[in-house]
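Colleague: The following comprises the amino acid sequence and a computationally predicted model.
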Amino acid sequence: MSRGESPPIASAHSVESGPWWRSYQREWLSRDLIAGVTVAAYMVPQVMGYAAIAGLPPITGLWASLLPLVVYALLAAVGRSRFGHA
């Protein structure tokens, strides 16, 4: 990609249609639960700390973190989401 050139955009055909839960496999559940607990263990003190830095009660950080988690849970496609380096 040369300077000033836009990155390629994925075509509509590369995105699978339909909700992710139709293709969810039961074997993934234990690893998904471990991942969820790990994220919660990291996130809870982090959001409480950021709220305290902002001069707000720590519970505010917890409430503010709920909506992004719900949106992620509903929209992220299991097995197809990539974050960080792939």
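Modeller: Done, it's in. Numbers count the residues shown, from 1 in each chain.
Colleague: my read: Ala51 touches Pro45, true?
Modeller: No - in this structure, Ala51 is not within contact of Pro45 by CB atoms under 8 Å, at 10.8 Å. Heads up, the C-betas are built off the backbone N, CA and C, glycines and all.
Colleague: Leu62 against Met48, yeah?
Modeller: Yes - here Leu62 lies in contact with Met48, judged by CB under 8 Å, at a distance of 6.6 Å.
Colleague: who has more neighbours, these two?
Modeller: When neighbours are counted by other CB atoms under 10 Å, Met48 comes out ahead of the other of Leu62 and Met48, with 18 against 14.
Colleague: Name the residues that touch the strand or helix carrying that one?
Modeller: Counting by DSSP states H and E, the element that carries Met48 is helix 29-53. Contacts with helix 29-53, where a contact means CB atoms under 8 Å, 6 or more residues apart in numbering, come from 57-62, 64-65, 78.
Colleague: picking up where we left off before, have a look at Ala51 and Pro45 and say which one is more surrounded.
Modeller: Ala51 (19 against 11).
Colleague: Grab the nearest non-local neighbour of the more buried one.
Modeller: Residue nearest to Ala51 in three dimensions, not counting chain neighbours: Gly61, with 3.2 Å by CB to CB, 6 or more residues apart in numbering.
Colleague: tell me the angle of the helix or strand encompassing Gly61 relative to helix 29-53?
Modeller: Taking DSSP H and E as the definition, one finds Gly61 inside helix 58-75. On the basis of axes from the mean of the first three to the mean of the last three CA atoms, to 10 degrees, helix 58-75 is oriented at 140 degrees to helix 29-53.
Colleague: pull the CA atoms of helix 58-75 into CSV?
Modeller: Provided in CSV are the C-alpha atoms of helix 58-75 (Å, rounded to 0.1, in the frame of the first residue of the first chain):
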residue,chain,number,x,y,z
PRO,A,58,-15.3,3.7,42.2
ILE,A,59,-18.8,2.2,41.5
THR,A,60,-19.2,4.6,38.6
GLY,A,61,-16.4,2.8,36.8
LEU,A,62,-18.1,-0.5,37.3
TRP,A,63,-21.4,0.9,35.9
ALA,A,64,-19.7,2.6,33.0
SER,A,65,-18.0,-0.7,32.0
LEU,A,66,-21.3,-2.7,31.7
LEU,A,67,-22.6,-1.3,28.4
PRO,A,68,-19.4,-2.0,26.4
LEU,A,69,-19.4,-5.6,27.7
VAL,A,70,-23.0,-6.2,26.7
VAL,A,71,-22.4,-4.7,23.3
TYR,A,72,-19.3,-6.9,22.8
ALA,A,73,-21.1,-10.0,24.0
LEU,A,74,-23.9,-9.4,21.5
LEU,A,75,-22.0,-8.4,18.5
